[in-house]
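Asker: Give me a 3D structure for the following:
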Amino acid sequence: MQHSGFRASPAGTGTAPPEISVLTRRMAAGDEAAFRIFYDAYYDRLWRYLLVVASGNEDVAREVLQSTLVRIARYIKVFHDEPVFWGWLTVLARTAFSDQSRKRRRYLAFLERFTSHFQSEKNVQPDTHADTRLLRLLDRDLSQLPPDERELVEAKYFSRRSVRELAHEHQTTEKAIESKLVRIRRKLKASILQGLKDE
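Answerer: Predicted coordinates for the structure are as follows:
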């Protein structure tokens, strides 16, 4: 795809037109127009790549693509060779996909722990549209918890720390920690169910 004079180097040539270094240098300098050129040239290509990586799951590919674009903006540097640049983009995309997959597995495990309404079969990959909806709602609701509640949930269910450890750290009883976790689970469950009804 071409845009405003930018073009990718022909596949397999091993040579780089000067435009790729100009484009990436402008991107590294925070030039918004350069990022728009980049999006025009690479957005669809990255989308197709991630759709294959995600085994055709459009919801997952869409989420990972957004994460990939954020990483590109954060870590962009000057490249002089278009194939090398594309290779770097695919590394960021695969890393974003791996991170998203770990996050999905962690969140699904949490969903299974605190309510039977959202249990998934053990051998089913977390790549359904329903999973995506649940994960989006869970992510939203976790972010809206008070910091102390969110940290407790993450410590217990994501970091797999014991109630005894948490009670010692918070200088309270194990029963108090368990009671607080029950209240948080109920609050999250109610919020997610309401979110599903509203969608």
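
Asker: going forward, measure contacts and count neighbours with C-alpha atoms only.
Answerer: OK.

Asker: Distance of Leu145 relative to Glu32?
Answerer: Computed with Cα to Cα, to the nearest Å, the distance linking Leu145 and Glu32 is 35 Å.

Asker: all helices of this protein, in order?
Answerer: Counting by DSSP state H, the chain forms helices over residues 18-28, 32-53, 58-75, 82-114, 129-143, 147-153, 163-169, 174-198, given from the N-terminal end onward.

Asker: For those, please prepare TSV with the additional fields mean neighbour count and mean pLDDT.
Answerer: Formatted as TSV, these follow (neighbours: other Cα atoms under 10 Å; pLDDT from 0 to 100):
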stretch	mean neighbour count	mean pLDDT
helix 18-28	19	88
helix 32-53	16	93
helix 58-75	18	91
helix 82-114	17	82
helix 129-143	16	75
helix 147-153	15	88
helix 163-169	15	91
helix 174-198	15	85
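
Asker: check contacts around Pro146.
Answerer: If you count contacts by Cα atoms under 8 Å, 6 or more residues apart in numbering, Pro146 has none.

Asker: how far away is it from Arg94?
Answerer: For Pro146, the distance to Arg94 equals 33 Å [Cα to Cα].

Asker: Ok, Gly195 next?
Answerer: Applying Cα to Cα, one obtains 30 Å for the distance of Gly195 from Arg94.

Asker: what's the answer for His80, then?
Answerer: From His80 over to Arg94 the distance is 22 Å, taken as Cα to Cα.

Asker: try Thr24
Answerer: Distance, Thr24 to Arg94, using Cα to Cα: 20 Å.

Asker: Quick check: can you list the domain ranges of the protein?
Answerer: According to automatic domain parsing, the chain comprises the domains 18-103, 107-198.

Asker: Run a quick check on Leu65 versus Leu50, I expect a contact.
Answerer: Yes. Using Cα atoms under 8 Å, Leu65 is in contact with Leu50, at 7.1 Å.

Asker: who touches both of the two?
Answerer: For the pair Leu65 and Leu50, residues contacting each of them under the criterion Cα under 8 Å, 6+ apart are Ala93.

Asker: Quick check: Glu149 vs Ser179, distance?
Answerer: 12 Å.

Asker: ugh, wrong one, I meant Glu32
Answerer: Applying Cα to Cα, one obtains 50 Å for the distance of Glu32 from Ser179.

Asker: tell me the contacts of Arg164?
Answerer: Contact criterion Cα under 8 Å, 6+ apart gives Glu174 as the residues in contact with Arg164.

Asker: Now that we're looking at Phe118, what pLDDT does it have?
Answerer: pLDDT, Phe118: 49.

Asker: Report the separation between Arg136 and Lys103.
Answerer: From Arg136 over to Lys103 the distance is 11 Å, taken as Cα to Cα.

Asker: swap in Lys180?
Answerer: With distances taken as Cα to Cα, Lys180 is found 24 Å from Lys103.
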